[in-house]
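K.L.:
Sequence first, predicted model second:
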Amino acid sequence: MDWYLGPSMTTKGTTTEIGLDHASLAMLASVVFVEICFCIDYHQQRWETMIAPLHQPAAKAGEAWVIQSNGLGYYAWLRSVLVDGDWDFTNEFDEHNPLGQYVPPPTYQTPLGRRANQWSVGPACLWAIAVVPLHFFLKLGEGTFFGWATDGYSLPYQLAVAAMTLLGTSVGLGFLYAVCRLFASPISAALAVAWLTLGTTLFYFNAIEISLPHGPAAAVMACFVWYWVKSYGQSRHGRWLLVGVLLGIAALMRWQLATYAVLPAGEAALAGLHLCLKGELRKLIQPFGSLALAALGTMIAFTPQIVAWRCVYGNWLALPIQGIRFHWLTPSLWDVLLSQDRSLFYWTPLALIAFLGLFLGVLRGLLRNSEARASVEPLILLFVGFLMQVYALAAMWGQGEYLTKTENSAGVFLARSFGFRDLTESLVILVPGLALLLDQIRAHRFQLIRPLAACLIIWNLLLVEGYVSGELPQMSGADFRTLLTKTANVISNEPSMLLLAFMGPVLIEMVLLADRWTAKRVDC
């Protein structure tokens, strides 16, 4: 029995069912199609311009084609234990880094004398689903007609990593749509997912740098948020345990996502408040007992990281990134949200629109009567969770500190990054805000926001192309005029890039027109 009956989650007569109609499915499929097209185009260029010119046997075998940048560290957790049977990363970092990208230097040793690995183990767990059976399959045919090296880095392994990331992020789009459907109609939900995916850093990490964890982590976050909102207010032990497990998996992908523990914690606190207002003090143990179950689920799911830290660092809990300092009283909120150095709202303005939509949704709920306010509690907690994530990240930098850091500096900083990558997963929290906004604006205003969204999507995709081509600075930001100039250079150098950039908005508009035409036929 529930201690508090949560919101009915009804929107314009819809229920908690996902309601994936043909138009919504076509829109999500269009997003996946655009991601795959960009992924193929990027990796073809990468092969021709970066890998093949190395003229190294390992490079010709496919090494560094997909697994690159920080992905070297994320993948090393899997490769080291699978191929070498240990977690000594010396050979992974020194012998399988043909492009000389950043890895922890030999001087960065753990208390156990091992080479440090400062990245999370979660992505390796995802890739293991495909890489482990592939490895043993290749071992069976070693020296025969297969011909691929079983060193963990040849082309089949690269493709396995790519396939798992693309599959995971595609499933994540489905969960993200399901989250939006709890607040909005099918077409608004699908549009919000399509616009925010194509118009923000989500697209880049879903399609370009697919050996980084941001895309898969966003998918896990979408699953976690969907299940938490859908089952909000239920006291079943299994429900709370699963909420904790999903949060633990998200934190396993990206440790910072542990701050979203505020969602179940806030739910338990509000449930306790409702019981107090009803005078049912004897039942207070129920919500907080359920919260303890969620904490247990989180610890169970986070166990692989704890074991990895114990084996490499000698402690069950470790702080792998050196030099982190928290500036709780002087957080870099401006730098994170509005500065010209790739901040969230400056680099991806669609995120600002979604943030405002979420804020307005919360505000409308608070201005209603007490019963209506209760139904908007999940939305309020999502908004608080996003603010906490922003604050925690801003506090890691301190006032303006990260702007002067370099890739070899200690601590947390953007370094080489497309946009504000550290908030990529938190865009999941903002997508329902855009869905709510689309569901509530009038028809004539919707006609105005459509071309605006299309322009912002094209702009983001052109920034992706400029960043990939090296036209845009990769270690710093740029003012708007510089971004325009550099983007114009990309188009003039490669006019076909403009076709790729227009592909997403055109497909979305085609789906909208087809849906409208179908609706007219039904009305007739």
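P.N.:
Everything's here; your move.
K.L.:
in this structure, what spans have low per-residue confidence?
P.N.:
1-20, 143-146, 322-323, 369-374, 398-413, 518-524 (pLDDT under 70).
K.L.:
what domains does the record give for it?
P.N.:
Annotated domains of the chain cover 22-41+160-517, 45-159 [automatic domain parsing].
K.L.:
Just the buried residues of stretch 65-78, please?
P.N.:
65-78 (16 or more other C-beta atoms under 10 Å). To be clear about C-beta, it is placed using only N, CA and C from the backbone, and glycine gets the same treatment.
K.L.:
Farthest pair within the residues you listed?
P.N.:
Largest separation among these by C-beta to C-beta: Trp65 and Trp77, giving 19.5 Å.
K.L.:
Which ones among the buried residues of stretch 65-78 lie within helices?
P.N.:
Among the buried residues of stretch 65-78, the members found in helices (DSSP state H) are Gly71, Leu72, Gly73, Tyr74, Tyr75, Ala76, Trp77, Leu78.
K.L.:
pretty sure the third one contacts Asn117?
P.N.:
Spelled out, that is Gly73. Yes - using C-beta atoms under 8 Å, Gly73 is in contact with Asn117, at 5.4 Å.
K.L.:
okay, and the common contacts of the two?
P.N.:
By C-beta atoms under 8 Å, 6 or more residues apart in numbering, Gly73 and Asn117 have these common neighbours: Phe89, Pro104.
K.L.:
tell me the SS of Leu112?
P.N.:
State at Leu112, reduced to three classes by DSSP: H, G, I helix; E, B strand; the rest coil: coil.
K.L.:
Could you say which of the domains of the chain is packed most deeply?
P.N.:
By mean neighbour count, with neighbours taken as mean count of other C-beta atoms under 10 Å, domain 22-41+160-517 ranks first of those at a mean of 20.
K.L.:
can you tell me the distance between the two ends of that one?
P.N.:
For domain 22-41+160-517, the separation between the terminal residues is 13 Å (C-alpha to C-alpha, to the nearest Å).
K.L.:
now what about stretch 77-94, what contacts it?
P.N.:
Stretch 77-94 has contacts (C-beta under 8 Å, 6+ apart) with 72-73, 76, 96, 103-104, 106, 114-117, 119, 121, 124-125, 127-128, 131-132, 135, 150-153, 157, 308, 311-312.
K.L.:
Please flag which of those sit within strands.
P.N.:
Counting by DSSP state E, none of the members of the contacts of stretch 77-94 fall within strands.
K.L.:
Ala189 touches Tyr177, doesn't it?
P.N.:
Yes - counting by C-beta under 8 Å, Ala189 touches Tyr177, with 5.5 Å between them.
K.L.:
joint contacts of these two?
P.N.:
Residues touching both Ala189 and Tyr177 (C-beta under 8 Å, 6+ apart) are Ser24.
K.L.:
Could you report the distance from Trp309 to Gln389?
P.N.:
Separation of Trp309 from Gln389 (C-beta to C-beta, to the nearest Å) stands at 23 Å.
K.L.:
again but with Thr330, I slipped
P.N.:
Taken as C-beta to C-beta, the span from Thr330 to Gln389 is 18 Å.
K.L.:
With Ser235 instead?
P.N.:
Ser235 sits 27 Å away from Gln389, taking C-beta to C-beta as the criterion.
K.L.:
what's the spacing between stretch 290-307 and its chain's center?
P.N.:
Taking C-alpha atoms, centre = their mean, to the nearest Å, one finds the center of stretch 290-307 at 21 Å from the center of the full chain.
K.L.:
Put the alpha carbons of it into CSV.
P.N.:
Written as CSV, here are the backbone C-alpha positions of stretch 290-307 (Å, rounded to 0.1, in the frame of the first residue of the first chain):
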residue,chain,number,x,y,z
SER,A,290,12.4,2.8,1.3
LEU,A,291,15.1,5.4,0.9
ALA,A,292,17.5,3.0,2.6
LEU,A,293,16.5,0.4,0.1
ALA,A,294,17.3,2.8,-2.8
ALA,A,295,20.7,3.5,-1.2
LEU,A,296,21.3,-0.3,-1.0
GLY,A,297,20.4,-0.6,-4.7
THR,A,298,22.8,2.2,-5.6
MET,A,299,25.7,0.5,-3.7
ILE,A,300,25.0,-2.8,-5.4
ALA,A,301,25.1,-1.3,-8.9
PHE,A,302,28.2,0.8,-8.1
THR,A,303,30.1,-2.3,-6.8
PRO,A,304,32.1,-2.8,-10.0
GLN,A,305,33.7,0.7,-9.5
ILE,A,306,34.4,0.0,-5.9
VAL,A,307,36.1,-3.2,-6.7
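K.L.:
Follow the chain on from the host helix or strand of Trp459 and name the next helix or strand.
P.N.:
Assigned by DSSP states H and E, Trp459 belongs to helix 443-469. Remark: after helix 443-469, the chain's next helix or strand is helix 480-493, criterion DSSP H and E.
K.L.:
relative to helix 443-469, how tilted is that following helix?
P.N.:
Counting by axes from the mean of the first three to the mean of the last three C-alpha atoms, to 10 degrees, helix 480-493 lies at 70 degrees to helix 443-469.
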